[in-house]
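okay, sequence plus prediction incoming.
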Amino acid sequence: MIARNSVFIIAIVIVVAFVAAGLISPDGVDEVSQVVHSAIIDNFGWGYLLAAFFFLVVSLYAAFSKFGRIKLGSDEEKPQYSYFAWFSMLFAAGMGIGLIFWGVAEPMSHYLNPPEHIAGGSGAAAAFAMKHSFFHWGFHPWAIYIVMSMSIAYFSFRRGMPPLISSTFYPLIGDRIYGGIGKAIDILAIFATVFGVATSLGLGALQITGGVSSVVPLPQGTTTTLLVIAVVTVLYMISSASGLDRGVQILSRTNVLVAVVLLLFVLVVGPTSYILDIFAATLGDYLSDLLTLSLSTNPFEGYEWTKSWSLFYWAWWISWSPFVGLFVASISRGRTIREFVLGALLVPALLTFLWFAVFGGAAFHLELHAGVDFASTAVANVPAALFELFAHYPLSGVLSILAVILLTVFFVTSADSATFVLAMMSSNGNLNPPLAKKVTWGVIQSTAAAVLLVAGGLEALQRMAIIAALPFTIVMVLMVRSLLKAMRYEARHEWGRAAEAEASPEGEVLRG
């Protein structure tokens, strides 16, 4: 029993130890994490850029090459979820709280504080802000998730191996995936997932508190935020107990519908033409400069800004990839690689672009054309930036309530999905992990978020997740090599045999 649960036990011990350290000595954890984080970003930041671009190229190659027709499952399997349900769960798991948190605040932050070679508060800064918001939340994050989830889905659903990250290394290390190397990979994935999700839950709780406070006279403070975490924990525990089909799918559908309502309201009631102009212009700039954006660290001008934003994001997405990759793989069975890559790359990214164009564009209209000093207000209180925007629109109270509902649903779906994935990873890839493990990981996630908020160590533990991204970048590059090796073997040895069988007399009998 102990051997079988070694990943579960070791991962819990490591996670609890780090949470305890954050509670006992937040300053010490903060200092150590700053030193290690700075060393990684200073010395290996270029590696994150190259890796993210590499994953985008690999994703497109997989979709448009001969491998695109490979099905993530047996040749006869059909997708388990409709397109709407699939896209909803993709979007909720992949972006979730972060998009709501930064949809207004990130463009405003880049606008006021761009790299030193651009004048803050200028038109050039506004264009830079929108283009880089698209860049940070566009194709590259989804390519990172796609590489991870495509590898897991291929080896699990097509080759019959456990849905674990370690399984994807079988072509490279063989049966050693069942030994210490494989367990180390899975434990590292759990570590990154817990702290990545806990940080997002902490940010989400802060924003929910700010949103509720904008509607009702509720004191903003640690006690209120902890109460929010407790209430939402109960909600996602209920969702987790109801299972993936009933829980996450229903919440994800609700989630997307509420997001679309908010999006359309601001688009229609706000400066519609201005927003659409920004969307078209920014999308054109983003696509035309994609290669330059992908490979430039701005070493001569703007490197400090690049470290704080672009390199941070790439490491952040990589640290989230075990969680999102496993979850996306679990909901993508039965789709071809081409269908999977194009659907997961284009649809969520397009919705993300629309989100930034609508909310960022509405904020820029207030700042540049309505005489409102909005940017400084938004940057001064990032969790409340979205609600500050709503204050300038009719039905602001209703909009704020809908936004709080959206945040809560995103909170629940992210935590629910992460709980499922953590339980699965610590149960030898069991797609129906025990409820006890889901509850255990759910409690640990919420406790980690609460402890970090109380101890003031939210940023320190966020950096710990970023630190975990460095070894995981190497893991993912090797994973790509392993996946391509396996698909080439299938194309060379199995497609030929299938064609011969189809052309044989027995094949004629079977066809006729």
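Looks like it arrived, so ask away. Residues are numbered from 1 along each chain as shown.

run the chain-centre distance for stretch 359-366.
Mean-position distance between stretch 359-366 and its chain equals 25 Å (Cα atoms, centre = their mean, to the nearest Å).

and for it, what's in contact with it?
Identification of contacts with stretch 359-366 by Cβ atoms under 8 Å, 6 or more residues apart in numbering yields 103-104, 106-108, 111, 126, 129-130, 133, 266, 270-271, 274-275, 278-279, 372, 374-375, 378, 385-386, 389, 392. For every residue, glycine as well, the C-beta is placed using N, CA and C.

CA-only coordinates of that stretch in CSV, if you can.
Output of stretch 359-366 as CSV, limited to C-alpha atoms (Å, rounded to 0.1, in the frame of the first residue of the first chain):
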residue,chain,number,x,y,z
PHE,A,359,-12.4,45.4,-21.4
GLY,A,360,-9.0,46.9,-22.2
GLY,A,361,-10.6,49.0,-25.0
ALA,A,362,-13.4,50.2,-22.8
ALA,A,363,-10.8,51.2,-20.2
PHE,A,364,-8.7,53.0,-22.8
HIS,A,365,-11.7,54.9,-24.0
LEU,A,366,-12.3,56.2,-20.5
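
and it, average pLDDT?
For stretch 359-366, the mean per-residue pLDDT is 98.

helices and strands around the helix ranked longest in the chain, which ones?
Identified as the longest helix of the chain according to DSSP state H is helix 26-64. Taking 3 or more Cβ pairs under 8 Å, 6 or more residues apart in numbering; DSSP states H and E as contact, the helices and strands that helix 26-64 lies on are helix 6-24, helix 139-153, helix 290-295, helix 312-330, helix 337-369, helix 458-489.

rewinding a little: in PyMOL, how would I select the buried members of the contacts of stretch 359-366?
Buried subset of these, written as a PyMOL selection, criterion 16 or more other Cβ atoms under 10 Å:
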select buried, resi 103+104+106+107+108+111+126+129+130+133+266+270+271+275+278+279+374+375+378+385+386+389
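
can you add distance to residue 283 and give the helices and strands packed on helix 26-64 back as CSV?
As requested, those are exported to CSV (distance: least, Cβ to Cβ, whole Å):
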stretch, distance to residue 283
helix 6-24, 40
helix 139-153, 12
helix 290-295, 11
helix 312-330, 19
helix 337-369, 6
helix 458-489, 28
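
residue 97 is nearest to which of these?
helix 312-330 (11.7 Å; Cβ to Cβ).

what about the stretch 351-500 of the chain, any weak spots by pLDDT?
455-462, 465, 496-500 (pLDDT under 70).

the stretch 201-350 of the chain now?
Low-confidence segments of the stretch 201-350 of the chain (pLDDT under 70): 215, 242-249, 251.

change it to 80
The stretch 201-350 of the chain contains residues with pLDDT under 80 at 201-204, 206-207, 210-222, 235-255.

what about the helices and strands packed on helix 26-64, which gets the closest to residue 441?
helix 6-24 (8.6 Å).

re the thing from before, out of the helices and strands packed on helix 26-64, which gets nearest to residue 89?
Among the helices and strands packed on helix 26-64, helix 312-330 comes nearest to residue 89, with 7.8 Å by Cβ to Cβ.

got the buried residues for that closest one?
Judged by neighbour count (16+ other Cβ under 10 Å), helix 312-330 contains these buried residues: 312-330.

CA atoms of that helix as CSV?
Backbone C-alpha positions of helix 312-330 (Å, rounded to 0.1, in the frame of the first residue of the first chain) are rendered in CSV as follows:
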residue,chain,number,x,y,z
PHE,A,312,7.3,35.5,-15.8
TYR,A,313,4.3,34.5,-17.8
TRP,A,314,6.1,31.8,-19.8
ALA,A,315,7.4,30.3,-16.7
TRP,A,316,4.0,30.6,-15.1
TRP,A,317,2.2,28.8,-18.0
ILE,A,318,4.8,26.0,-17.9
SER,A,319,4.2,25.6,-14.1
TRP,A,320,0.5,25.3,-14.8
SER,A,321,0.9,22.8,-17.7
PRO,A,322,0.8,19.6,-15.6
PHE,A,323,-2.6,20.5,-14.2
VAL,A,324,-4.1,21.9,-17.4
GLY,A,325,-2.5,19.3,-19.6
LEU,A,326,-3.8,16.4,-17.6
PHE,A,327,-7.3,17.9,-17.3
VAL,A,328,-7.5,18.9,-21.0
ALA,A,329,-6.3,15.4,-22.0
SER,A,330,-9.0,13.8,-19.9
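
who does that helix touch, helix- and strand-wise?
Helices and strands touching helix 312-330, as assessed by 3+ Cβ pairs under 8 Å, 6+ apart, comprise helix 26-64, helix 83-94, helix 139-153, helix 180-215, helix 396-425, helix 458-489.

quick one: which of the helices and strands packed on helix 26-64 is nearest residue 204?
Per Cβ to Cβ, nearest to residue 204 of the helices and strands packed on helix 26-64: helix 458-489, 11.7 Å.

and that closest one, what does it pack against?
helix 6-24, helix 26-64, helix 139-153, helix 170-173, helix 180-215, helix 312-330, helix 435-455.

thought residue 389 was touching residue 374?
Yes - if you go by Cβ atoms under 8 Å, residue 389 and residue 374 touch, sitting 7.5 Å apart.

and residue 165, which of the helices and strands packed on helix 312-330 is closest to it?
So among these, helix 180-215 is nearest, using Cβ to Cβ, at 5.1 Å.

for residue 233, which of the helices and strands packed on helix 26-64 is the nearest?
helix 6-24 (15.4 Å).

give the buried residues for that closest one.
For helix 6-24, burial by neighbour count (16+ other Cβ under 10 Å) applies to 7, 8, 10, 11, 12, 15, 18, 19, 21, 22, 23.

present these as CSV; the columns should include pLDDT and distance to residue 295.
Listed next are the buried residues of helix 6-24 as CSV, based on pLDDT from 0 to 100; distance: Cβ to Cβ, whole Å:
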residue, pLDDT, distance to residue 295
7, 93, 37
8, 93, 40
10, 93, 38
11, 92, 35
12, 92, 40
15, 88, 35
18, 81, 34
19, 79, 37
21, 82, 37
22, 75, 36
23, 78, 41
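
residue 490: which of these is nearest?
residue 7 (28.6 Å).

leaving out sequence neighbours, find the closest residue to residue 97.
Counting by Cβ to Cβ, 6 or more residues apart in numbering, residue 97 lies nearest to residue 204, which is 4.0 Å off, once chain neighbours are set aside.

residue contacts, the one you found?
97, 100, 101, 407, 410, 411, 414.

switch the cut-off to 10 Å
For residue 204, the contact set (Cβ atoms under 10 Å, 6 or more residues apart in numbering) comprises 96-98, 100-101, 228-229, 232, 383, 407-408, 410-412, 414-415, 449.

can you check residue 182 too?
Contact partners of residue 182, counting by Cβ under 10 Å, 6+ apart, are 7, 162, 164, 165, 166, 167, 169, 170, 173, 175, 176.
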